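Undergrad: Attaching a predicted model along with its sequence, questions to come.
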Amino acid sequence: MEPTGNLQVAYCRICGKSLAPEEQHPALGTIYCAEHVPAPAPPPPADSPWITPATAPPPNPNTSGVSPGLAFILGLIPGVGAIYNAQYAKGLIHVLVFGLLLSMANSDSVGDLQFLFGMLAPAWVFYMAFEAYHTARRRELGQPVEEFSSILSQQSAGGVPVGPILLIGMGVVFLLNNLGVLRLSVIFKFWPLALIGLGVHMLYQRTQERSQSSNENVSGGIHHER
Amino acid sequence: MKRHSLVGPLLMIGIGALFLLRNFVPDFRVFEAVAKYWPWLLIGWGFLRVIEVLNWHRQGLLTANGRPGGSGMTGGEWTLVVMVCVFGSIIHMSRSADFFPNDRIRIAGWDLVGESFDFGLTAKKTGAGKTPRVVIENSYGDVRISGVDTEDVSATGTKTIRAVGRSDAERDDKSTPFEIVQTGDQVIVRTNLDRISSSRRVRANLELTVPKGATIETRGKTGDFDIENVNGAVEVNSDNAGVRLNNIGGPIRVDLRRSDIVRVMNAKAEVEIKGRGQDVELENIAGAAAVNGQYSGDIKFRNLAKPLRFESNITNLRVERVDGEMEMVLGKLMARRISGPVQLTAKSKDVEFSDFTGTIEIELEKGDIDLRPGRLPLSKIQARTKAGRAELVLPAGAKLDLRGQTKRGNIENDFGSPFRVNEDGRASAVTGVIPGGPEVQLDVDRGEIRIRKAGADAPPAPPAPPVVPKTPLEITKQ
Amino acid sequence: MNDNRLLIRALRGPLTLIVVGGLFAIDHAGIYRFGQTWPVLVILIGCLTLLERSGNQTAGGAQ
C-alpha cells in the first residue's frame, strides 16, 4: 500500500495529460499540469480602497446566469429564493419559519399574540426575497457565499455563539409545548426577558469595547477628539 | 478529488429489487411494509452515509469542494430524500387514514392507479334469534348498525375495489366473498377484505340491521362505526375509527388506536373508552363511565348518572355524578352541576367547578382553581395547587371552617367577616369559622387566594338581587 | 480548512437524514405525531451549527 494511499491519477484540465499525484497542480477547484496551471491573481494593491483583500476562497468565475431580480421574485416563495442560490438547507429553514409563523398566527396557544405573528409572516416573506436578492448579487459579483448567509450572522459575539443557542432554545421550547410538558402560553409571559437579555448583551459588548479602546489609549493609540 | 457516495446506487438497486419483487410475486405485501417502514429507509441511508463520511475522514479524503457542504449530501441526494418523505408520508396517510370514498381526491401514490369498481353487497341470516351475538369483521370501511324488531341479521353495502381493469376487480371481488355465518348463537359478518394483498385497494361500507336485543362486537382497521338502538353489549375495536353510539342497552367498550371522535349517547349501562383519539363525548350515561388513554381534542361529559373515571398520563379524575356538564378543553377543566366526591389529580390544568355538591379534593402541580359552590350546604373541600390561583366564591349563608394558606402570594378576602387574613412575610393565611359547616382547605404554594361572596355573578337559579351584607365588609389585615 | 470542521460539515446531512427518518418512524408508530416532534429538527440545526463553530474555534480560526 502506497503511503500516499488513495490519490489516483488525474488529468490536466487544459491539455488532458495524465498526471501522477506529484505532478498535479490544483487551482480554481480543479487540476492542471505544471504547464497550464493558471497564474495566481496578482496581489491587489493594498492601498486601493476598492479592492477588498481576499480572505476567503478565490472568487468563483462561474457566475453566468445569476439574476438578482429573479432571485428577489423567487424569494417571495418560501424557500425558493435560497434554492435559487443553491443554499438548500437555508431554503428548508425559510420554509419551516414561514410555516411556523403561519401556524402560530392561527393557533390558540399564543392567545393575544396571534396578530403579531400574522404581521410577522409577510415581513418574513419580504425578508426572504431581499435576502435572496442580496445573496444573488454577491454571487453575481463573484463573491463567495456561505451556506447560511445572513441568518446566523453573528460569528461569535464575545465567545458566545448566539445563533445556534437561540435555535436550540427555540426548538426545545416548541418541543416541550408540543409534548404537553410546558405550554407556550406560559413561556410567553417571559418575553420581557428577551428585551432584558438583549440589553445585557449590548451592555456587555459595549463595556468590552470600552476596555479595549482604553487599552489602546494606554498603549499610545490614536487620539481622538471627542 | 471528489469521491462519490456508494449509498445512492445501493439504494436504487434496493428499490428496484423491491419493485421487481412486487411485480413477480403478486401476494408480496410490499406496500404495507413500505408505508409502515419507509422512515427506516431514511435512517439506514443516513447511517450508511455517516459510516461513509467517517471512513473518508479517516482516509483524509474530505474536501471542501469549493461548495459549502463538502462531501456530505449532494443537492441531488436531498431531492431524493424529499421525494421519499413526501411519497412515504402520503402513502402512509392514505393507508391508515380514511379512504376517500368518492374517489374525487386522487392521491399520488404507487398503487392508486386504475379506477374503482363498486360491487353491491347483500346477505341475510334469518332466524338468528332475539339476542344473538353479532360479530362484524370488516377491515376497511364504515359500518352502520341499527337494531330493529326482527330476528334476522341482514346486511347491505357497497364494496369498492380499485383495480386496473374490470376483470381484475372482479377477480378481487370473488376472492373477498361477503358472508354471514352463524355458529350457535354467534352470527359473524365477514367481508374478508384481508384476502386481497394490497390493503389499499378495497373498502366495504356496510349497513346492518340486527335484532334489538343483539350484542355487537366489531373489529376493524380503518373505518367508522355507527351503532344505534341495540339492547345488548357493544364492543368496538379498531386501529382508526370514528365511533358514534346511540341508545345502547348493554355495557359499552371502545378500544381505539386512533380516532377523531368517540360519541356515546343514551347508554343504559357502563361505558369504557380506552386508547388514543381526539374528541370524546359522553351524554346521558346511566352506568359508570371510564375513559382511559390519551385524547388530544375536546372531552365533554353531560348527564352521567354514575361515577366517572378519567385517566390519562397527566390527569386523574373521579366524579361521582355529572348532572350538568363537564368538559376538558385546551388544558381547562370546567364543570357545572356535578356531585362529589370529586377527586382530581393533574399536572397542569385550570379547574373551574360551579354549582357542585359533595366533597371535593383537587391536587394540581400547576393551574388555577375556581370553586363556586352555588348550593348549600357545603361539603368538605380540599384544594391544593403548587402554582396558581385559588378562588372560592361562597354563597351567603354558607357555613364552613375555612383554612386557606399560600406560601407565596396575597390573599384577598372580599367575603369579610368572620374570615381574617394574616400575613407572615411572603406567606399569607386566611382563616375563620362560620359554625355548622365542614372544613374547607385551600393550599397554594405560589399564587394568590381570593375569597369572594356570591352575587357578583348571577346564580343560575332564578335571578335574585345580589345579597347585600347587613354590616359593612370588614377586611382585617395586619 | 480544519479536518474536524470538514468532518462535522460532512456529517450534517446524514445526521439530519437519520433524525428526520427517526421522527417519521416515531410518527408512524403512533407515539408522537410529526406535527409535535418537528422542533427536534430545529434543535438539531442549532446543535450542528454549534459543533461546527466550536470545531472552528479549536482550530484557532476566526476570532
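TA: On my side now, so go ahead.
Undergrad: only C-alpha atoms for contact and neighbour calcs from this point on.
TA: Will do.
Undergrad: I'd guessed A:Asn106 sits against A:Met119; true?
TA: No: using Cα atoms under 8 Å, A:Asn106 is not in contact with A:Met119; the gap is 11.9 Å.
Undergrad: Need the pLDDT of the spatially most central residue of chain C.
TA: When chain C is reduced to its mean C-alpha position, the nearest residue by Cα atoms, centre = their mean turns out to be C:Leu44, at 3.9 Å. C:Leu44 carries a pLDDT value of 87.
Undergrad: ok, now the one 5 residues further on?
TA: Turning to C:Thr49, the model gives it a pLDDT of 78.
Undergrad: Would it be right to say that B:Pro341 lies in a helix?
TA: No: under the criterion used here (DSSP: H, G, I helix; E, B strand; the rest coil), B:Pro341 is strand, not part of a helix.
Undergrad: mind listing the helices for chain A?
TA: Counting by DSSP state H, chain A has helices at residues A:68-75, A:80-84, A:88-105, A:114-140, A:162-178, A:184-188, A:191-218.
Undergrad: tell me the most buried of these?
TA: Among those, helix A:80-84 has the highest mean neighbour count (mean count of other Cα atoms under 10 Å in any protein chain shown), at a mean of 25.
Undergrad: Show me what that helix is packed against.
TA: Applying 3 or more Cα pairs under 8 Å, 6 or more residues apart in numbering or on different chains; DSSP states H and E, one finds that helix A:80-84 makes contact with helix A:68-75, helix A:88-105, helix A:114-140.
Undergrad: can you tell me which of those the model trusts least?
TA: helix A:88-105 (a mean of 81).
Undergrad: hey, C-alpha coordinates of that one in PDB?
TA: Listed next in PDB are the C-alpha coordinates belonging to helix A:88-105 (Å, rounded to 0.1, in the frame of the first residue of the first chain):
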ATOM      1  CA  TYR A  88     -30.700  24.200   0.200                       C
ATOM      2  CA  ALA A  89     -30.500  23.900   3.900                       C
ATOM      3  CA  LYS A  90     -31.300  27.600   4.200                       C
ATOM      4  CA  GLY A  91     -34.200  27.200   1.900                       C
ATOM      5  CA  LEU A  92     -35.600  24.500   4.200                       C
ATOM      6  CA  ILE A  93     -35.200  26.700   7.200                       C
ATOM      7  CA  HIS A  94     -37.000  29.500   5.400                       C
ATOM      8  CA  VAL A  95     -39.900  27.200   4.700                       C
ATOM      9  CA  LEU A  96     -40.000  26.000   8.200                       C
ATOM     10  CA  VAL A  97     -40.000  29.500   9.700                       C
ATOM     11  CA  PHE A  98     -42.700  30.600   7.300                       C
ATOM     12  CA  GLY A  99     -44.900  27.600   8.200                       C
ATOM     13  CA  LEU A 100     -44.200  28.200  11.800                       C
ATOM     14  CA  LEU A 101     -45.300  31.800  11.700                       C
ATOM     15  CA  LEU A 102     -48.500  30.900   9.900                       C
ATOM     16  CA  SER A 103     -49.400  28.200  12.300                       C
ATOM     17  CA  MET A 104     -48.700  30.400  15.300                       C
ATOM     18  CA  ALA A 105     -50.900  33.100  13.700                       C
END
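Undergrad: pLDDT weak spots in the chain?
TA: If you meant another chain, say so; for now it's chain A. Applying pLDDT under 70 to chain A flags residues A:1-8, A:28-29, A:37-64, A:107-113, A:144-162, A:180, A:214-226.
Undergrad: wrong one, chain C
TA: Ranges of chain C meeting pLDDT under 70: C:1-3, C:55-63.
Undergrad: which stretches of it form helices?
TA: So, for chain C - with DSSP H - the helices run C:3-28, C:34-37, C:39-58.
Undergrad: need the ones you listed in JSON lines with distance to chain A, can you?
TA: As requested, the helices of chain C are exported to JSON lines (distance: least, Cα to the nearest Cα, whole Å):
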{"stretch": "helix C:3-28", "distance to chain A": "9"}
{"stretch": "helix C:34-37", "distance to chain A": "5"}
{"stretch": "helix C:39-58", "distance to chain A": "4"}
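Undergrad: wait, what's in contact with B:Arg408?
TA: B:426-428, B:444-448 (Cα atoms under 8 Å, 6 or more residues apart in numbering or on different chains).
Undergrad: Near chain C, list only the ones from those residues.
TA: Near chain C, taking Cα under 8 Å from any Cα of the partner chain as the test, no member of the contacts of B:Arg408 is found.
Undergrad: In strands only, show me the residues you listed.
TA: Among the contacts of B:Arg408, the members found in strands (DSSP state E) are B:427-428, B:444-446.
Undergrad: Out of the residues you listed, who's the most crowded?
TA: With neighbours defined as other Cα atoms under 10 Å in any protein chain shown, the most crowded of the ones in strands among the contacts of B:Arg408 is B:Val444; it has 29 neighbours.
Undergrad: on that earlier part again, right, and out of the ones in strands among the contacts of B:Arg408, which lies closest to chain C?
TA: B:Arg446 (30.0 Å; Cα to the nearest Cα).
Undergrad: Quick check, that closest one in contact with B:Thr406.
TA: Yes: here B:Arg446 lies in contact with B:Thr406, judged by Cα under 8 Å, at a distance of 6.6 Å.
Undergrad: Was I right to think B:Trp40 contacts C:Gly22?
TA: Yes: when contacts are counted by Cα under 8 Å, B:Trp40 is listed as touching C:Gly22 (7.2 Å).
Undergrad: Can you give the domain ranges for chain B?
TA: B:7-96, B:314-478 (automatic domain parsing).
Undergrad: Just put these in CSV and tack on mean pLDDT and distance to B:Lys221.
TA: Formatted as CSV, these follow (pLDDT from 0 to 100; distance: least, Cα to Cα, whole Å):
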stretch, mean pLDDT, distance to B:Lys221
domain B:7-96, 72, 8
domain B:314-478, 85, 28
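Undergrad: For B:Asn303, which of the ones you listed is the nearest?
TA: Nearest to B:Asn303, of all these, is domain B:314-478, at 4.6 Å by Cα to Cα.
Undergrad: one step back: nearest to A:Val200 among the contacts of B:Arg408?
TA: Using Cα to Cα, the contacts of B:Arg408 come closest to A:Val200 at B:Arg446, 28.3 Å.
Undergrad: looking at the sheet around the closest one, what are its partners?
TA: Counting by DSSP bridges, B:Arg446 is bridged to B:Ala387.
Undergrad: list the contacts for it?
TA: B:Arg446 touches B:386-388, B:406-409, counting by Cα under 8 Å, 6+ apart.
Undergrad: Out of the residues you listed, grab the one that's most surrounded.
TA: For the contacts of B:Arg446, neighbours tallied by other Cα under 10 Å; top is B:Thr406, 27 neighbours.
Undergrad: leaving aside the residues next to it on the chain, what's closest to that residue?
TA: B:Val444 (4.5 Å; Cα to Cα, 6 or more residues apart in numbering or on different chains).
Undergrad: ok, the one you found touching B:Arg403?
TA: No: with contacts counted by Cα under 8 Å, B:Val444 stays clear of B:Arg403, the gap being 11.3 Å.
Undergrad: Return the distance of the nearest residue to A:Ala105 once chain neighbours are set aside relative to A:Leu120.
TA: Closest residue to A:Ala105 apart from its sequence neighbours, by Cα to Cα, 6+ apart: A:Gln114 at 4.5 Å. Per Cα to Cα, to the nearest Å, A:Gln114 is found 10 Å from A:Leu120.
Undergrad: Turn the ones in strands among the contacts of B:Arg408 into CSV, including distance to B:Arg372.
TA: Listed next are the ones in strands among the contacts of B:Arg408 as CSV, based on distance: Cα to Cα, whole Å:
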residue, distance to B:Arg372
B:Ala427, 24
B:Ser428, 22
B:Val444, 17
B:Asp445, 21
B:Arg446, 21
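Undergrad: which residue ranges form the helices in chain B?
TA: Going by DSSP H, chain B shows helices at B:7-24, B:30-58, B:75-96, B:166-175.
Undergrad: Just say which of those is most tucked in.
TA: Of those, helix B:30-58 is the most buried (mean count of other Cα under 10 Å), at a mean of 19.
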